[in-house]
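S.K.: Got a predicted structure plus its sequence, pasted below:
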Protein chains: 2
Amino acid sequence: MAVAPPRPKWPPLNSLRAFEAAARLQSFTSAADELCVTPGAVAQHIKSLEAQIGEKLFVRHAKGVELTRLGASILPAFVQAFDALGLAVHSLRSNAASTEIRIAALPSLSQLWLSSRLPNIRKAIPDSSISITALETKPNLNREPFDLAIFFEDLPGSTDAVELGRDIIYPVCAPELAATLSDPQDLSTVPCLHDTTWSNDWSIWCEATQSGDTIDHHGPAFSLYSLALEEAKNGAGVLMGHDALVRDSMANGSLVKPFDIEVRLPRRIAIFQAQTTADTPEITKIIEQLAL
Amino acid sequence: MAVAPPRPKWPPLNSLRAFEAAARLQSFTSAADELCVTPGAVAQHIKSLEAQIGEKLFVRHAKGVELTRLGASILPAFVQAFDALGLAVHSLRSNAASTEIRIAALPSLSQLWLSSRLPNIRKAIPDSSISITALETKPNLNREPFDLAIFFEDLPGSTDAVELGRDIIYPVCAPELAATLSDPQDLSTVPCLHDTTWSNDWSIWCEATQSGDTIDHHGPAFSLYSLALEEAKNGAGVLMGHDALVRDSMANGSLVKPFDIEVRLPRRIAIFQAQTTADTPEITKIIEQLAL
DNA sequence: CGCGCAAATTAGTTTTACTATTTGTTAGGC
DNA sequence: GCCTAACAAATAGTAAAACTAATTTGCGCG
C-alpha cells in the first residue's frame, strides 16, 4: 500500500531564493552579496536543496560555479517566479500607508552629489519621506526593495534609465597646491590621490590627454571618494575629480582645476526606477528634480 | 544626509506565503491547514507582516477574517507569484533524476480503490516509483507537491479533471446479516454504520428510494471508511456502500447487497493533474490505466 | 611555488518558526 | 437568552532553520 511519508512539503523558500540568486548571478559569492548573507549560507542552502532532490544543480570549479543541465533548465522558471514575487512585495510596500521612498546610490554620489539636491526634492514631495542607502554596486531593482537607484553606468546605457549627467574627469587640488602646477608633467612632483574603486582614473586621463604616460601616479588610495576629496582640500595632493562629485567644492573655492584639460568618459550618471513604483507621481517628481 | 538603515530587506518569505494562503482562502485556519502548521503560526506571520508595513491586511471578525482594501489590492500579485513559484518547484522536482510520482487521494479511495489498481500501474511505468499520500481534502495542486490527486468531486466537475467513475451508493452487509433483511424497512432493526465524513449518506439514499424517511439510522460512526467496512464484514451492521469502495469486497463475497436499490449521486471520482507534470508520459499512462 | 580567489566545511550562535495552551469574541441552534 | 462551536489572539516555551566566523580545500596564475 505504501501510504506515503507524512505530507510532502516544498523545499524551504529561502533555499529556493538562494538557488535563484546563485544561478542567475553564476556565483555563490555575489548571490550572498545580493541576499546580504555570507557565502557559506548560500552554499548550505544549495547543498540542502541538492540533497533533497538527489541531484546536483551546480558544478563546482575552483574559480566559481557553473550550472548543471538540470540547474540551467529550471532557472528561467525561478527567475520568473521571484521577479513576480519581487513585484508583489513592491506593490505591498508602495500601497502601504507609510510611503517611504527608498533610494540606493553610490556612496560618493549620495554624499557629494545627491545631498545638495535633497532639500529641493523634499520640497517637491513634502508628504513622503525619503531614505538613502549607500551601496557599492547597483542593486537588482526587481529583487531589492528600492524605488530608485542612482549609479554610474557605462555607455551605451539601458534605455529604461534616465541620464542625469555625463562623467567628466579632470584633476583638482587645493588652490595653494595648484599654484605649484603649471603643466601636467608637474604631476610627478606631487602625490596623486585616488579612490580604490576608480583606480585607473589617472591612466585614463593621462592617455586621453597624451600628457605623458610616463608619469608615476603614485599616492595614497582611499576606499571612499569623499575621504580622498577631503584630503585634496587639505592640500595633501591632486585628486582625479569627477565633475559631478567635485562641482560643489569648486563652487565654494575649496578646490580648483590646476589645468584646463577635461576628459569626457563614455559613462553617465543614471537613475533607474523599479517597475512597480515607476509611475507614481512622487517618483516622477524626484526624477524631474534630479534631471534638471 | 540620513544615510539610511543598513540595507532594507524583504519581509520573510514564509510570512508572504502565509499571507498569500490566508488571503486566498479567506481564513487563517484553512491557510494553516494548507501549510501544515497551526493557525497560531499563520496569525503570527501575518501580524509581523502587518507590523512591518505599518498597516493591517485583514479585518478580524469572531468568525473569520476579511481582507482590508490594501490586502485585497495586493492579493492578486501574490497569488500569481506563488503560482509561478509552485510551477518552478514542480519543474525542479519533475526534472530531477529521482522520478517519484506523488499521488494524493482520499484515505478511503487509496485503501479500497487505488490499492488494487496499483500493481498494474507499477507494471505500466516500471521505471518510476509511486508514493501515495492520504488526505482528507483535495490539495491545491499549484501549491502542494503532488503530481496527481484522486478525490470525489460534485458534478458538474471541473473540465480539467478526468472522470474515473461515478459515485453510486447502496447498502451492503455481511451475507449472514443480509439473510435477515428482505425490505428496506427492516433496516430499523439493525445498526447502520456510517463514516463521519459522509454522515448523510443514509438520508440521501432513503430519500431517493422513498423507503421511509422515518427509519432511525442510528449506529456507530467511524472516522475511516475502511474501519466501517471491516465492521460490516464482521456482521456488525449495514454500511452504506460506495460502489467504488465496496466492489472488491463484493467480488470476494465478504459483502453482499441486501436490496437491489442503487442511488447514482451527482458526484464522481475524478483525477486531477498538476500543470507542469501533466504532459509527461508516465502521468499519461497512469491516468489511462485508472480510466479503464 | 606560493598567492589569491571561490567554494566547502564545521561548530556554535542567533533568529525564525512553530506548538500548545489559554483567552476572547461572536454567530447560530435550541 | 444561554449554550456551543468556530475562529482568531496572545503568550510562553521549544524546535528548527538560518546564519556567522573561522578554517580548509582546490585550482589557476603570475
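M.R.: Great, that's in hand. From a predicted model like this one, the values you see are computed outputs, not experimental measurements.
S.K.: only C-alpha atoms for contact and neighbour calcs from this point on.
M.R.: OK.
S.K.: so residue A:267, which of the three states?
M.R.: What DSSP: H, G, I helix; E, B strand; the rest coil gives for residue A:267 is strand.
S.K.: Give me the spatial nearest neighbour of it, chain neighbours excluded.
M.R.: Spatially, and ignoring its direct neighbours in sequence, residue A:267 is nearest to residue A:154 (4.2 Å; CA to CA, 6 or more residues apart in numbering or on different chains).
S.K.: So what's the residue count around the residue in the stretch 51-200 of chain A that DNA strand D sits nearest to?
M.R.: Closest contact between the stretch 51-200 of chain A and DNA strand D, by CA to the nearest atom of the strand, is at residue A:62 (4.2 Å). Summarising burial for residue A:62: neighbours were counted as other CA atoms under 10 Å in any protein chain shown, giving 5.
S.K.: repeat for residue A:148
M.R.: Residue A:148: 24 surrounding residues under other CA under 10 Å.
S.K.: re the thing from before, can you count the residues close to the residue nearest to residue A:267?
M.R.: Every residue meeting other CA under 10 Å relative to residue A:154 is counted, giving 15.
S.K.: Give me the pLDDT for it.
M.R.: Looking at residue A:154, its pLDDT is 87.
S.K.: quick one: contacts for it?
M.R.: A:266, A:267, A:268 (CA atoms under 8 Å, 6 or more residues apart in numbering or on different chains).
S.K.: most surrounded residue in the residues you listed?
M.R.: Result: residue A:268 is most packed of the contacts of residue A:154 (other CA under 10 Å), 21 neighbours.
S.K.: Could you check how many residues crowd around the residue nearest to that residue when sequence neighbours are not counted?
M.R.: In space, residue A:268 comes closest to residue A:166 once its chain neighbours are excluded; the distance is 4.1 Å by CA to CA, 6+ apart. For residue A:166, the count of nearby residues is 20 (other CA under 10 Å).
S.K.: any idea how far residue A:166 lies from residue B:153?
M.R.: 65 Å (CA to CA, to the nearest Å).
S.K.: Equivalent analysis for residue A:104, please.
M.R.: 52 Å.
S.K.: With neighbour numbers in mind, choose between those two.
M.R.: Neighbour count, other CA under 10 Å: between residue A:104 and residue B:153, residue A:104 has more, with 30 against 19.
S.K.: What's the biggest helix in chain A, counting residues?
M.R.: For chain A, the longest helix by residue count, based on DSSP state H, is helix A:69-95.
S.K.: Packing partners of the helix or strand that that helix is followed by?
M.R.: The C-terminal neighbour of helix A:69-95 among helices and strands, as given by DSSP states H and E, is strand A:100-105. Identification of packing neighbours for strand A:100-105 by 3 or more CA pairs under 8 Å, 6 or more residues apart in numbering or on different chains; DSSP states H and E yields strand A:129-134, strand A:148-154.
S.K.: Whatever helix or strand comes next after strand A:100-105: which residues count as buried?
M.R.: Next helix or strand after strand A:100-105 toward the C-terminus (DSSP H and E): helix A:107-109. In terms of neighbour count (16 or more other CA atoms under 10 Å in any protein chain shown), helix A:107-109 has its buried residues at A:107, A:108, A:109.
S.K.: Which is the succeeding secondary structure element to helix A:107-109?
M.R.: Using DSSP H and E, the first helix or strand after helix A:107-109 is helix A:115-124.
S.K.: could I have that following helix exported to CSV, CA atoms only?
M.R.: Extracted in CSV, the C-alpha atoms of helix A:115-124 (Å, rounded to 0.1, in the frame of the first residue of the first chain):
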residue,chain,number,x,y,z
SER,A,115,22.9,65.5,-0.7
SER,A,116,22.9,69.0,-2.1
ARG,A,117,19.8,68.2,-4.2
LEU,A,118,17.8,66.6,-1.4
PRO,A,119,16.3,69.8,0.1
ASN,A,120,14.7,70.6,-3.3
ILE,A,121,13.4,67.0,-3.6
ARG,A,122,11.9,67.1,-0.1
LYS,A,123,10.3,70.4,-1.1
ALA,A,124,8.8,68.8,-4.2
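S.K.: Is chain B within reach of that helix?
M.R.: Yes - judged by CA under 8 Å from any CA of the partner chain, helix A:115-124 and chain B are in contact via residue A:115.
S.K.: which SS class is residue A:203?
M.R.: Strictly by three-state DSSP, residue A:203 counts as helix.
S.K.: Chain A against DNA strand D: which residues are in contact?
M.R.: Counting by CA under 7 Å from any atom of the strand, the residues of chain A close to DNA strand D are A:12-15, A:36-42, A:45, A:61-63.
S.K.: repeat that for 10 Å
M.R.: A:9, A:11-18, A:32-33, A:35-46, A:48-49, A:60-64 (CA under 10 Å from any atom of the strand).
S.K.: Where does the prediction get shaky in the stretch 101-250 of chain A?
M.R.: A:199, A:207-219 (pLDDT under 70).
S.K.: let's see it at 80
M.R.: A:157, A:177-179, A:181-224 (pLDDT under 80).
S.K.: Around chain B, pick out the residues from it.
M.R.: A:111, A:115, A:131, A:132, A:133, A:134, A:144, A:145, A:146.
S.K.: Not counting residues beside it along the chain, what's closest to residue A:83?
M.R.: According to CA to CA, 6+ apart, the nearest residue to residue A:83 is residue A:142 (5.9 Å).
S.K.: just the strands in chain A please.
M.R.: Ranges of strands in chain A, per DSSP state E, are A:58-61, A:64-67, A:100-105, A:129-134, A:148-154, A:162-172, A:192-195, A:221-222, A:238-242, A:263-273.
S.K.: Roughly how far does residue A:92 sit from chain B?
M.R.: Applying CA to the nearest CA, to the nearest Å, the value for residue A:92 to chain B is 6 Å.
S.K.: could you measure that residue against residue B:47, distance?
M.R.: 15 Å.
S.K.: Could you do residue A:146 as well?
M.R.: From residue A:146 to residue B:47 the distance is 23 Å (CA to CA).
S.K.: for residue A:117, same thing?
M.R.: 38 Å.
S.K.: Please identify which of those two sits among more neighbours.
M.R.: Taking neighbours as other CA under 10 Å, residue A:117 and residue B:47 compare with residue B:47 leading, 17 against 13.
S.K.: ok, now how distant is that one from chain A?
M.R.: 15 Å.
S.K.: Could I get the pLDDT score of that residue?
M.R.: 96.
S.K.: Residue A:74 now?
M.R.: Confidence at residue A:74, expressed as pLDDT, is 94.
S.K.: Any idea how many residues pack against it?
M.R.: Around residue A:74 there are 22 residues (other CA under 10 Å).
S.K.: now swap in residue A:173 and tell me
M.R.: For residue A:173, using other CA under 10 Å, the count is 29.
S.K.: if I read this right, residue A:80 contacts residue B:82, doesn't it?
M.R.: No - contact criterion CA atoms under 8 Å: residue A:80 and residue B:82 do not qualify, at 10.7 Å.
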